[in-house]
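1. I need the structure of the sequence given here:
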Amino acid sequence: MTDFNKLAAQLKDPASLLTQLDGREEYFRDATEESVRPTAIVLAECESDVVATVRFAHRACVPVVGRGAGTGLSGGCVPDENSIVLSLEKMKKLEVDAARRLAICGPGVITKELMDAAALHGLTYPPDPASYEECTLGGNIAENAGGLRCQRFGVTRDYVIGLKAVTPTGSLIRTGIFAERQGFNLQDVLIGSEGTLALVTEIAVRLIPTPSIGSTILVAFDDPADAGRTVADITAAGIIPTVLEYIDGDAADCSNKYEKTDGLDRVGAILLIETSGENKEPQAATIREFCERNRCSYLRHEDNPERASELWRLRRNLSKAVSEMATVRYNEDVAVPVSRFMDLIAWVADMNPTGPLRVNAFGHAGDGNLHVSFLSMTGDPDEKKLIGEGVERLFRKTLELGGTLSGEHGIGKHKAPYLHWEFTPATLAAMKAVKSVLDPENLLNPGKIFAD
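-> Numbers count the residues shown, from 1 in each chain. This next block holds a predicted model:
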């Protein structure tokens, strides 16, 4: 029996340790269907709380699962039954250094909070996951989150310039601007490691001058192939929009039922585009020409930021809209080379009418990242089994097209059994060797990335 009183005495506030967990069910899961009750929860307020918790867990041989906002979609922060959930949501330090164009943040800072703070100084933090109003920077680090603007501006890794993190034994390591000198690039090892190697306690990120705002174009097509040709035309012309999003007809239907948007009734596919602000007029004119040549059925062009934000709400709310339509939803984020994106779109579309499941897709057409949702309207066990089979078929098709099992959500718990489909035994062995050196007892977020 673990004596948690010893841990409580080491925390800044002993009340941060929770062992009576009724009513705390949100800490048992992420945004997936699985829920597991841990042994205890620690609501860390500072770095010393993280160090104390990890050292206590290491001595007691108790697993620790780090957690941010719980918005992940791969089971990445679902706890073990005998684990401690270590929540970092209260660690919200946020300091913007406008002169150096950087910010120092705690892992519990919400992505939009950083964006808003930077904007006060005419600066921008570009990575913008669709859940940017809810997800934390610590979670973004764990998954190397992308976002709608990643084609033009890059992903989380491209903006991290320093980390402080606690290892599985409770030691504090520093990288980038927090380090006294440069050595091995541990920073890139930690980013995207899904909380399996260390727990990040402080983050330094690079900020950029706020780019000028481009035009927003929402365009609908009766035939998804016409949308695909439009994406190909934009790419071939050398145009790099700030955002280039694809939404299939079924996902658009879910969105329209969730929140009505003019022009989205019975469409085959939608493209939602933001031009780069520096060249928005010629870019918009060329894009409109491509859309009209490819027989678009509806086109709305907005230069007014407030009216454009109404259109972006469609994409930001899309995941919630799709979830509202079903009893059970599994969402997978695969990615393929941009040249094969529409091949994958067509393959997913063929899945929809072949059984009782509803299947739809949306994603970042600019970098080949597609979010595929498998929906069971009844929650029937047979339909859940069909979802599992559909997910496996999707993974095989993605790899056949030269893609990868995750574009931005991570491997987590749910994709771990399939990792050997993508990587060679030697590559997996190298990954596991890194894990075993930093966490030889396998106490930090066990069962994630590598299947037991």
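
2. where along the stretch 251-400 of the chain do the helices fall?
-> Residue ranges of the helices in the stretch 251-400 of the chain, as given by DSSP state H, counting those that start in this stretch, are 280-293, 305-316, 318-324, 341-351, 381-400.

3. quick one: the second one to chain centroid distance?
-> In terms of C-alpha atoms, centre = their mean, to the nearest Å, the centre of helix 305-316 is set 20 Å apart from its chain centre.

4. CA-only coordinates of it in CSV, if you can.
-> Extracted in CSV, the C-alpha atoms of helix 305-316 (Å, rounded to 0.1, in the frame of the first residue of the first chain):
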residue,chain,number,x,y,z
PRO,A,305,-11.5,39.6,-40.4
GLU,A,306,-14.7,39.5,-38.3
ARG,A,307,-16.7,38.0,-41.1
ALA,A,308,-13.8,35.6,-42.0
SER,A,309,-13.8,34.4,-38.4
GLU,A,310,-17.3,33.1,-38.9
LEU,A,311,-16.0,30.9,-41.6
TRP,A,312,-13.1,29.6,-39.5
ARG,A,313,-15.5,28.7,-36.7
LEU,A,314,-16.7,26.0,-39.1
ARG,A,315,-13.3,24.3,-39.1
ARG,A,316,-12.5,25.0,-35.4
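
5. thinking again about what came up before, so which of the helices of the stretch 251-400 of the chain is nearest A8?
-> Ranking those by proximity to A8 (C-beta to C-beta) places helix 318-324 first, at 37.1 Å. Just so you know, the C-beta spots here come from the backbone N, C-alpha and C atoms, and that holds for glycine as well.

6. got the buried residues for that closest one?
-> L318, S319, A321, V322, S323 (16 or more other C-beta atoms under 10 Å).

7. Local confidence estimate at G379?
-> pLDDT for G379: 86.

8. next one: phi and psi at it?
-> In terms of degrees, to the nearest 10, the main-chain angles of G379 are phi 80, psi 10.

9. ok, back up a step: and which of the buried residues of helix 318-324 is nearest Y27?
-> S323 (20.0 Å).

10. and the closest residue to that closest one other than its chain neighbours, how many neighbours?
-> In this structure, S323 finds its nearest non-sequential neighbour in R329, 5.0 Å apart by C-beta to C-beta, 6 or more residues apart in numbering. Using other C-beta atoms under 10 Å, R329 has 20 neighbouring residues.

11. how much space between R329 and L344?
-> 19 Å (C-beta to C-beta, to the nearest Å).

12. need the contact list for P14.
-> Going by C-beta atoms under 8 Å, 6 or more residues apart in numbering, P14 touches A8.

13. got it, and M325?
-> By C-beta under 8 Å, 6+ apart, the contact set of M325 is C254, K257, Y258, R358, L375, M377.

14. Among these, which one is most surrounded by other residues?
-> Highest neighbour count within the contacts of M325: C254, with 24 neighbours (other C-beta under 10 Å).

15. how close does that residue get to T378?
-> From C254 to T378 the distance is 17 Å (C-beta to C-beta).

16. Ok, S35 next?
-> 20 Å.

17. same thing with Y132?
-> Counting by C-beta to C-beta, the gap between Y132 and T378 amounts to 33 Å.

18. Looking at those two, which is more packed in?
-> Y132 (21 against 12).

19. Same question for the more buried one, what's its three-state structure.
-> coil (DSSP: H, G, I helix; E, B strand; the rest coil).

20. That one against G146, yeah?
-> No: using C-beta atoms under 8 Å, Y132 is not in contact with G146; the gap is 11.2 Å.

21. what does the helix or strand bottoming out on mean pLDDT in the chain contact?
-> Sorting the helices and strands of the chain by mean pLDDT, DSSP states H and E puts helix 305-316 at the bottom, at a mean of 83. Applying C-beta under 8 Å, 6+ apart, the contact partners of helix 305-316 are 130, 133, 148, 213, 215-216, 218, 245, 247, 255, 259, 261, 264, 272, 274, 300, 302, 362.

22. Can you get me a residue count around G146?
-> Count around G146 with other C-beta under 10 Å applied: 26.

23. oh sorry, the question was meant for D233
-> Residues near D233, counting by other C-beta under 10 Å: 17.

24. domain assignment for the protein?
-> Following automatic domain parsing, one gets these domains for the chain: 5-87, 94-209, 216-400.

25. Comparing those by mean pLDDT, which bottoms out?
-> With a mean of 89, domain 216-400 has the lowest mean pLDDT of the domains of the chain.

26. Which residue ranges of the stretch 51-200 of the chain form helices?
-> Secondary structure of the stretch 51-200 of the chain (DSSP H, counting those that start in this stretch): helices at 111-119, 137-143, 150-153, 186-190.

27. list the buried ones in the last one?
-> Buried residues in helix 186-190, counted by 16+ other C-beta under 10 Å: L186, Q187, L190.

28. can I get those residues in a markdown table with distance to G75?
-> Formatted as a markdown table, these follow (distance: C-beta to C-beta, whole Å):
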| residue | distance to G75 |
| --- | --- |
| L186 | 26 |
| Q187 | 25 |
| L190 | 20 |
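
29. Can you tell me which of those residues is closest to T175?
-> Nearest to T175, judged by C-beta to C-beta, of the buried residues of helix 186-190 is Q187 at 3.9 Å.

30. ok, and the closest non-adjacent residue to that closest one?
-> T175 (3.9 Å).

31. got it, and G355?
-> Distance criterion C-beta to C-beta, 6+ apart; nearest residue to G355, sequence neighbours excluded, is L386 at 6.0 Å.

32. Which residues are in contact with that neighbour?
-> G355, P356, L357, S376 are the contacts of L386 under C-beta under 8 Å, 6+ apart.

33. can these go into CSV with extra columns for distance to V155?
-> Listed next are the contacts of L386 as CSV, based on distance: C-beta to C-beta, whole Å:
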residue, distance to V155
G355, 35
P356, 36
L357, 31
S376, 31
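
34. All good on my end, thank you.
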